[in-house]
Every structure is written in structure tokens, then in C-alpha cells.
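*Asks:* no letters, just coordinates:
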């Protein structure tokens, strides 16, 4: 039965291809699709057919006309991942010249097969590489790939327009499933899509399509990019993977599936339990227990990513992690929870998408958006979040790897969508205090002590692991100056508070920071906190704006010392502005014989509509201009 | 290319290896010493995340049935000092095999050693935790991760290899990315083998210890000589800007089989003379024969050179044809063809070397005097002039001789003009292969690299300026800019370049010339009006004429230097800036003229200033003709760039009359 459907499908398809070929000539591309385009997607078709709970056929058919080198970079070399849970059944490819004339098939032997040697230390995924020949532009490439899917908690996402500067002529998505395995879906974006629902005797096919999507360009500080493109995300109601059955109709049920995968993997050896009891014997509350055990975890285990088959979804038993002292995120978190459980502290396995990019998780549409695990410990007063793969994070701190996003909390009662803590400009800070001293020969000595907290601390924490020589080398590379020496430098981690903190000292000898003109010296008092400008002021703005993903506060207080006999000439223009994107304050005070440079920049993470762009330009210009302003020291008459 | 299997020996010797090296080894597996356990910090480098306590390997040869086998045994013992050093517990051992020959990892063991309650506890890596990964048909990895690792853990692993590739002698790295306390390599050389040593950056006066001749083969009449090299307390290898690759400065040794000779046999020479290598390359199906091939390319060449008689023009036409119509992938690694010519002509895609070989065949067919030049890219290290070692070359370029003119060609980038090689190729010497003979020569560009700026700045009494600007890029600056234009629009690049002026400025007009013709200089023109370019104060204006134009930051801020500075190529930078003095103003300060030139002429900086009541003209000329500076010259080099950047940051100050 299955076979017949497939063959029939291919047969029809083959016929279709023969008649379609003429369509692939460049002349037949509507002119509006050529604007700003590096490539035009002529046809992009995704077919997904659920065979049963644990198996699906997944076909992608793509025809793209490549217009230039940039388009070639995107589409002439294609990588197809596969693994034991997602096998390639067939892959075929051909290419045409600009007239759309069928030129040549790519032979199977020209498709390379490779193993990964990046990312995970060990896994079972491999990839095939399809490389189209180069031709004079424009030319057209086509491929069709058929997968057999065995991990049906991952349903397809249809995104016709995946790149900027690429237009789409036609795209469609068909998803078919037996009536007892209904498909859930969510349609996103503002583009109007054609939708059709076709009922067969005991199955149903959902169909979407769209045509003529023009290319668009990305803009700096763009937010809500996904609103621009049409997208359909889908998910199963029931699924099965290597014998484990799940239901995804609610976050609660999806959470139960993971809970089931984790079942009876939390046993610990008796000796370990005894050791843990001793470890927390002095603790009077749960927070103390969590801190002690987290420190123990950080000191004794390390992260090694080994993902084989269902092992990509199921944690290594706690016993095994206890013995080997390494594990992946699932294994380490499961182990942490088992240890907490052993001393009577309840905690939860939380599934999250890690990374700075922070992709969207739609609350009303349960699906597998995730790639990482963290642990949540609900205490009476507050909640402790643990990143169990880090050997250095403070107990309770998540960092920009997993903060401020929706995640799935797993418990025996079911799953629950929760939001992880966020860190904003009141937390992420860099404060600099110091002195800049002008010498009578024009050289300057700068000495600054800095404190870094929150997400701003990650930079200093990284530098703290380097040797003094390497720190110098790094600073020489990033400080936009020349002719200076680093007299002293250190970076080190500080304290044990929930928010990470680091401090540093930097002493510089600046040889040409000041310039001499007659009786005067000119110099910028702001050496280290200069804001650089990379905005194009003339462009038309179409995207929403977000200046920073995570807000921050930078504060500088610098004592300015002049040589004997010199005084400040003219007035430094103070600034104190508020903007939708933050605030900026700067002043130079000259009182009681002391000159101080004070600067405070606060940047928030608010998302603003496109028409706020002139305000952003103003904000940035004001900062850059002020940061470049020089002080003038003149010999007293 | 010329590696025979010594079948002749098969019938003569029935041999078995025995204790090849009866010497005491510097390390015995599992024999952890108290001082290794007690080492908690490595004092010469307190931030070292881990230290290699000892690395040791030995190589020897034996016979098995028909052929010589190479045996290699290595032990590594590492102390983990900090959490950042945990990655040293993840180990990968690459190996290679094809249908006929294999390199087999015969034994592999790994342990962690931890002090627990005053006792040393060892933990083994279990067999099922050793993974085998297939990267492609011939390349494999053994992978394992060592359990129970924490700060203070000693990890150790050892493996043996039996290899059919008996004449590919493994090299040995004494130096690593972590400090190495002790490293030793031993090689047992049977008397019938002659081996050349290629040491690199070994500590001064390192000579191998030669140990007494040992009986090597029980049943053979041959003995062998045991050599050992030792290096101690080697700091970690560190990167620096402007070097080809740190690999060129790593403390290591490589070996080259020179000859095999048995008393009663002819000796077989395995080492090339440059001459022989040249002959072999010309005979090679996937190299010399490709260059001499006419099939498939004849019609193309006939078509693209129709009516052209001038040889320079022919060369240009062929270079442009290959450059514009073919695309290369990033694969380097070998100067010879990986695919048949036909395939490349059809798909118009190949490795950079393949495209140049096809180009050579076209130049050759067109009757030009064209030769292949074998080179090693910067990332692949330098070539060794003493011996021709095929593996040291990873690319081939073309060299065309017309009359007294020599042009080197490298056609793997559609944006690169004739006479400009890839930056990667600018790595010192190459070897030109002639039909009869060879020549070791400097790899050079015909086209010079220059960045020329002409500007006229009109300063107005209200503090605004009007500026006319012309920037001309040639050679590498043009290439870099053209690559930038692939991803950014011209306006975006220009604004980024003029970010100081554009802060409160407006482009009145702008345009780029020759964007699509890589053989011509890339020229940017613009006129702009800016309000913020000047700093005003009570007494007048302050103008930094080079604010955003000059590459004025000294690239050498670091006080010391470990390795030579290898720019790869020389370049010029010229600025000619005219500043019109605003009405009612006069200047009180202008930059000072100066001139520096190194006695060998390699570095020149001249700064001339002319001025009258109406205008100031600043002319700066910089030229570097030397791509390579020794470490001893670093302090001078740094001072030179510092002087230049200081001079170019001097300002003009205007005062109201």
C-alpha cells in the first residue's frame, strides 16, 4: 500500500517535471522578483506524509535560478544532514542554463558522503554534499530529496523564504496524515497564503501555497525579522520514537513524554548518596544544599557531547554520569536532579533552546523548539536556575545562553511552559573609575579600574583565563589606538553572588593621544568607552528596531590631571538625553582644582517601530560626537 | 609518486621484530611519579590550563611476509591544572586506509589518575567508550574521552600503530598548545635505510643521541642504529599577527627516507633530486600530462585567441577566460589534479590547483612559454629548499615568460587582476618546473599594491567643510575592497570608510569606477559636506586631515615579537591632501615635514608640507618593498610605524585673524 502511493507519486511527479522545464527560463521570472535578488526560488515544495506514529516520508523539491556570485554561494553547494533517525531515501539533482533547457543530471557518485567532526564529540549524524557545476549567470539548479523520518517529535516547518535578497516565485507545502494522527499547525507572518484541506478516505492532506514574494534586505538592529516572511509550523498530536510514545497536543502532554524518557534514570549508588548527605549536613535550608551540590557538580564533572540515536533525547543514567564524571546536557542535568533528590530537594528538568540567537517559542503551539537542558529548583521564596554544563557560572545564573526565553519545564505531572529570568541594564554593567594624567611632554598616563557584572562580565571572564601576555595581545588588537604601552593589566573573577562579577585594572602609557598646538594640548578624556558609529543615516527603515538584545549600563568616572601650570580652556558641552533606546549623560566638572569626566550610557532592549529610526540615529550621533570631543589644556597666563 | 613496495625482499628474509629498543624508556605507562601528582601549578606559565608531563614515541621497522612494516608507539601523559584544560581529556587519533594499504591502530589504552583519600586511584576508558568515526572513504578517527577528570587529574593514553606505509615516516611535535615538560622521540634506523632529518625550531645545539647499534632482526643480518631527540620545558606555541602559520615555528622534527640498500642488492633511492622531481611531475598523468593536453581545450583557446598575435594579449585572454568562467572551491592540499580534465571543463569547477593546470594547458597550447611553479600556501608552511618533498607543496601557479618579462598567474578568484596572486600564495619561494630542470625562485606579483588618496578639503568659517575625495585602490587593497563590494553596497562601504566625516555629513555625490573590471584600479570618488569633521573651540578649528583616510594605527603595538614579520608582499600608500584655509582665518599649527628611509630602501616614509595664505598641502608617501622582517628588526619596524602614525595624527589648527 505504502509503496504504491510512493511510486504513483513519483510517476506523476516525473510527468510534471517534463512539462515544467520550459518554465525555468530566466525570461519567465516576473520582473519584480529580480529586484535586489541574488537568486530566485522558482519552486519550493515540501511534502510530508505521516505513515504511522513512528515513520514519515519527507520530500523537499527546490528549483532556484542563481543570478550572481552571492546567489551561487547560497545555493550551489548544498549539505544534507542525516542520521539513524532521519535517513535519506533518495537524492537527485539536475541543472539548467539560463534558457531553462535541461542540461544535465548530477550522477549519484558525484554526491559526497561525509562524517561530522564538529559540534558533538561523538554522534551518528553524517551529511551528503551536493555541488552544482558553475555556469555563466544566470542558471538554474534543482534537487529533490526524500527522507524517511523516525523521530516524529520533529515535524517540518515550512519557510518559503529563508534568505534575505532571495525572491520566491512559487512555493507549496503539503502535509498528509491518517485521520487518527491529526496534524496540528500554526500559520505565521502577514503574507496571504492559499490554504486547502483535502479529505481522503482515511487520511487528510493540508495544503498551503504562495507566489511571488519579492526579495528584501536586512537592516541594522532589525527586530521581529520573522514577521516579514510567511511560515507554517506543524506538529504531531501523537508520535513514537524508538518505542517511546508521546502526545504533543499540549505542553503538559509533551512534557510527560520527556518525563517518561527520563524514567528510572535517576538512581545513584549508595556511597554517592551518603557522600551527598555528608556534604549538606551543615545546611539549614535548601538554598545551601543546592549551592553545595552545584559546586560539587561543577568541580567534579565536565561536559562532553555524545549523541547516538535516542541518546540524542534521553539522558545517560545518573549512575553512569556519577561513575564517569562526564556527560552531555541531558546527562549532567539529570544527574544534578538525582543528587538534589537524594538530599530532599525537588527540582525540574527544563528543556530550552540555547544560544544567543534566542529563537521564538510560540506559547500556543507546543512543538520541539529545543536543543538544551537546564535545571530549575523551585524554593519557597524564589527559584534557582542552574546551567549544569558550565564549570564556572555562579549558582543561579543562566547568562545569555539560556536567559529570557520560553522553555518547557518537565515534571511527573506534565510539562509547563515557563520563562527563564532575564538580565537587563540594571544587571549588565561596566563601571570604570580612574585617572588620566597629561604630562608636560604631551604623553598621557591612564589608569583605570573596572567592574563588570552580568552579561557584560562574560568578556572579562574570558580574558581572566588568559595569561598577561595574551591579555595584552588581545587588547592591542581591540583598542582602536596606536603608539601606546600597556604598563599593567589584569582581569579576574570576583565574588560569589548570583550575578557574575569580575574586575580588571588597566594602566596605559599613551604617547600620541594628545596633540600640541602652541601653548595648548588637545585630547579626548574618553579613551576606553568610545562608542563607534556604523549607522547608515540615509536609508529607509522597514524593520522594527532593537539596539541591543540585552540592555546594559556603562559608567565612567575619570579624574583628569593636567601638568603644573596648565588649566582647562573652553567649556566641554555636557549632554543629558533620554531616548526610547536608552539614555546618555556626560559632563566635565572643574571644581576645587579637580577636573572630572563623568559619563553614563544606558542602553535598553526595547523594540521600537521603524519610524523611531531617526531617534536612533540621533541618539547614536550624539554619543559618538560627544565621545570624540577633546579637552583643551592651556598654559595659564 | 615514486613509492615502490619492496617485494624483492620478501623471499630473502624471514624476520620478526623483537626488543627493538632495549634502552630504558623515559616513561612507563601507569608509572606515575610523586612529583607529577604534586605539581599543582606550572610556574613559568601560571595560566596554563594543562601541561604535557611527558610525550614519548618511538618508530621502528620490521618485516611481515612480503613487505616492510612501520611500527609506531606513543605515550602521552598530561596534568590537568584548570577547568579550561578539560578538553585535553577528549582525544582524537586520525588514521588512514584504502583498499590496498592500511594504517592500523593495534592497541589503545587510556586512564585517569586521581588522588582519593591519599591514594592514587586509576580509572580506565572502557572499550565500549572508544568510538570509531568514518570521515570519508579513507579517513577515520578513533575518539575517546577520559572519565573522572577534574582539576589535578593526570590523564594518560598510549597507542600503537602498524602501518603499511612504511616509507611515510611520521614526524614528531615536541611543542604543543600547552607547555611540555619533557618530550622524546626515538627512531630505530635499520642499516639498510638512510634517512634525512628535518628538524625545525629545536632548542640550540640539539643533536640526536646515537645509541649503540642494536641487533634489530633476529633472523636477519642487519642491525640498526637508534637515535633519540629530547626537548625539555618547551613553552606553549602562541600565535602572532603577520605570520604564515604557527606550524612554521613549532618545535618539531620530520623525516625523509633517502635510500634503501642491501649489501647484495641495488640501492633504491627514495629521495628526489629537484631535477628528478621535475621530470616525474612532467611525466605525471595528473600534472605534466594535463599541461601538455590539448583535448577539450584546443577549440576554446582557438576561439579566445582568434586574431591575437601579441603574446602578452594572448596570456591575458587565457587568464581572463579561466578566471571569469571557472570557479574554485577552497580546497588546497595538493598541486595535482583530483578530477579528470573533462570533468572540470564540464562543471567549470575545480580546486585552485586544477584551474591553474587547465590554464597552463591553454597557455601551452597557445604556444606561450609557460611553466608550473609549485608553491606552499601561507597556511601550509614554508617549503624546504634543501630537499624536494612533494607533501610540502599544496598549490601550483603558472609562470609565463615573454621576452624578458615574467608573469605569475593564479586564476582562482574572479575578482583578481592579471599579475596578482592570492595572498595565501605570497609565501616566499616556489619551484619552477621545466621540461629539463627546475628553478627555485621568489614568488612575486607583477602588479604592485597601492592605496592612493587625493583630497581637497574646503574649510568654511562656520566650521563645516566641503571635501572632494578620490581613492584609488590597486592590487591587494583593490581586491579586498572588491570582495567587500560582493556583500555590501558601494554606499555602505564608502560610509563605513568615511565614518568620521559622515557622522554629521552628507554625501553630495559619489561613484565608483572599474568595479566590474578587476584588471583596472578600483576608484572611489565622492564629494561631501560635513559639520562635525572639525572640532571647534573658543580660539578656532582643529582639523585632523587623516582622520578616517589613513591607515594610521600602528599594527605593531606589542613590545616584543617571537617570530619574524611576514607581510607576504610590499605595498605603497600615498596621500595628497589640500586644505583650503577659511576666509578670515590663519593656521597656527601644521604638521611637521619629515622623511625616514631604511638604508636597504625597504621602508620609506616621506611627509612633505607646503603652505601659503590660501592653502596647505600635505603629501605623505609610504612604501614597503620588503615582505619579510626578521625578529631582530622588530623594534625598528615598530618604531618606524609609530613615527609614521604619530606624524599622520598631527593636526592643523586654525585661528581667527
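*Replies:* Ah, there it is. It should be emphasised that the depicted structure is a prediction, and the values quoted were computed from it without experimental measurement.
*Asks:* downstream of the helix or strand containing residue B:486, the next helix or strand is which one?
*Replies:* If you go by DSSP states H and E, residue B:486 is part of helix B:476-487. Counting by DSSP H and E, the next helix or strand C-terminal to helix B:476-487 is helix B:490-497.
*Asks:* list the contacts for residue B:412?
*Replies:* B:323, B:328, B:352, B:355-356, B:422 (CB atoms under 8 Å, 6 or more residues apart in numbering or on different chains). Where you see a C-beta, it was placed from the backbone N, CA and C, and this is true even at glycine.
*Asks:* and it, that's in a strand?
*Replies:* No - assignment of residue B:412 by DSSP: H, G, I helix; E, B strand; the rest coil gives coil, placing it outside any strand.
*Asks:* below-threshold pLDDT in the stretch 551-657 of chain B: ranges please.
*Replies:* Scanning the stretch 551-657 of chain B with the threshold set as pLDDT under 70 gives B:551-553.
*Asks:* what segments of the stretch 251-400 of chain A are helices?
*Replies:* For the stretch 251-400 of chain A, the helices identified by DSSP state H, counting those that start in this stretch occupy A:251-262, A:270-279, A:286-300, A:318-324, A:329-342, in order along the chain.
*Asks:* so which of those helices gets nearest chain B?
*Replies:* With CB to the nearest CB as the criterion, chain B lies closest to helix A:318-324 of the helices of the stretch 251-400 of chain A, at 3.8 Å.
*Asks:* comparing the helices of the stretch 251-400 of chain A, which comes out most buried?
*Replies:* Of the helices of the stretch 251-400 of chain A, the one with the most neighbours on average (mean count of other CB atoms under 10 Å in any protein chain shown) is helix A:329-342, at a mean of 25.
*Asks:* up against chain A, what does the stretch 351-500 of chain B have?
*Replies:* Proximity of the stretch 351-500 of chain B to chain A is confined to B:414, B:486-487, B:491-492, B:495-496, B:499 under the rule CB under 8 Å from any CB of the partner chain.
*Asks:* at 7 Å instead, please
*Replies:* With the criterion set to CB under 7 Å from any CB of the partner chain, the stretch 351-500 of chain B comes near chain A through B:486, B:492, B:495-496, B:499.
*Asks:* neighbour-wise, which of those leads?
*Replies:* Most neighbours among those, by other CB atoms under 10 Å in any protein chain shown: residue B:495, with 25 neighbours.
*Asks:* so residue A:208 is in contact with residue A:171, correct?
*Replies:* No - if you go by CB atoms under 7 Å, residue A:208 and residue A:171 don't touch, sitting 8.6 Å apart.
*Asks:* quick one: which of these two has more around it?
*Replies:* residue A:171 (23 against 20).
*Asks:* residues contacting the nearest residue to that one once chain neighbours are set aside?
*Replies:* Leaving out its chain neighbours, the residue that sits closest to residue A:171 by CB to CB, 6 or more residues apart in numbering or on different chains is residue A:160, at 3.6 Å. Taking CB atoms under 7 Å, 6 or more residues apart in numbering or on different chains, we find residue A:160 in contact with A:44, A:168, A:171, A:210, A:213, A:230.
*Asks:* with adjacent residues omitted, what lies nearest to the fifth one?
*Replies:* Distances taken as CB to CB, 6+ apart place residue A:168 nearest to residue A:213, at 4.2 Å, with adjacent residues excluded.
*Asks:* show me what the helix or strand where that neighbour lies is packed against.
*Replies:* Here residue A:168 sits within strand A:166-178, counting by DSSP H and E. In terms of contacts (3 or more CB pairs under 7 Å, 6 or more residues apart in numbering or on different chains; DSSP states H and E), strand A:166-178 is packed against strand A:39-52, strand A:203-213.
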